[in-house]
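Engineer: Pasting a predicted model and its sequence here:
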Amino acid sequence: MNYALIIAGGSGNRMGQDIPKQFMHVDNCPIIIHTLLAFQRHPDIDGIAVVCLDGWQTVLQSYANQFSVTKLKWIFMGGDNGQHSIRNGVYGLKENGVNDDDLVLVHDAVRPLLSQDIISSNIATCKKYGYAITGIKCREAILESEDGFSTRTSIPRDKLIRTQTPQTFRLKNLVAAHEEAKEKGITNSVASCTLMAELGGREMHIVPGSEKNIKVTTVEDLEILKALMHVHKESWLK
């Protein structure tokens with residue numbers, strides 16, 4: 001079985017709006033529902049769980065009903081940070097009978113343009129290798145700065161990967177990672193892939209992502225998202 005675990009526990013302070021960014025509307029539909037529908041449409045996704053900002057659970061369920069997200073099975077409470085929210089979702093799946101060998105696709109609620117191909121590739125890669133991390137090669141020149149205003153150091157981009165979500169694991173491996181993190185005092189890793197890297201000893205395989213798989217964090221991102229949702233590939237392009 002393959003389950004999507006959608007992380008929507010953040011308050012979206014960087015967006016600076018009156019409601020959490022995952023519940024803002026684009027084309028008369030909340031961003032989080034656009035995200036859920038990507039998994040709803042995929043034939044190999046058996047169920048969806050959402051880790052939701054406290055106080056918004058009823059709103060989320062109402063929207064899911066309105067937009068016929070029938071695969072939504074569980075809503076878990078968000079945590080103090082991203083790692084805590086993911087842990088709440090992982091433990092929630094375990095407690096609700098998801099099997100150790102079932103696949104869990106951990107995905108940001110505010111990446112609504114996730115393609116069906118990326119979902120398929122995550123599932124296939126995780127089944128083959130045990131881990132799947134969506135990412136794209138870095139194309140920009142990278143500089144290192146201590147203060148954000150000045151720099152003297154560049155970082156070779158050839159080996160750099162910009163990670164996205166989903167990031168896919170067997171449930172037992174996620175549970176084991178979060179248990180080990182508690183033992184080692186790791187409490188604020190920014191993503192599942194960084195947690196695995198901090199713990200060490202886990203070879204993660206990269207699934208090609210997309211520049212369209214944008215994460216909505218700022219108002220500028222929201223403007224880009226709206227543009228991407230209304231652009232279509234020209235017929236003459238290969």
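Structural biologist: Ah, there it is.

Engineer: what stretches of the protein score poorly on pLDDT?
Structural biologist: Filtered on pLDDT under 70, the chain yields the residue ranges 12.

Engineer: Please enumerate the helices of it.
Structural biologist: With DSSP state H applied, the chain shows helices at 31-41, 57-66, 82-95, 116-129, 171-184, 192-199, 219-229, listed in chain order.

Engineer: Residue 138: which of those helices is closest?
Structural biologist: With CB to CB, the closest approach to residue 138 among those belongs to helix 192-199: 15.0 Å. Yep, even glycine has a C-beta here, placed from its N, CA and C like the rest.

Engineer: can you state the direction angle for that closest one and helix 171-184?
Structural biologist: On the basis of axes from the mean of the first three to the mean of the last three CA atoms, to 10 degrees, helix 192-199 is oriented at 50 degrees to helix 171-184.

Engineer: Next, the angle from helix 192-199 to helix 82-95.
Structural biologist: Interaxial angle, helix 192-199 versus helix 82-95 (the same axes, to 10 degrees): 100 degrees.

Engineer: Quick one: neighbours of the closest residue to residue 173 other than its chain neighbours, just the number.
Structural biologist: The shortest distance from residue 173 to any residue that is not its chain neighbour, by CB to CB, 6 or more residues apart in numbering, is 6.9 Å, and that residue is residue 130. With neighbours defined by other CB atoms under 10 Å, the count for residue 130 comes to 16.

Engineer: right, and residue 130 touches residue 172 too?
Structural biologist: No. Counting by CB atoms under 8 Å, residue 130 does not reach residue 172; the two are 10.2 Å apart.

Engineer: Residue 140: what's it in contact with?
Structural biologist: Contacts for residue 140 (CB atoms under 8 Å, 6 or more residues apart in numbering) come out as residue 157.
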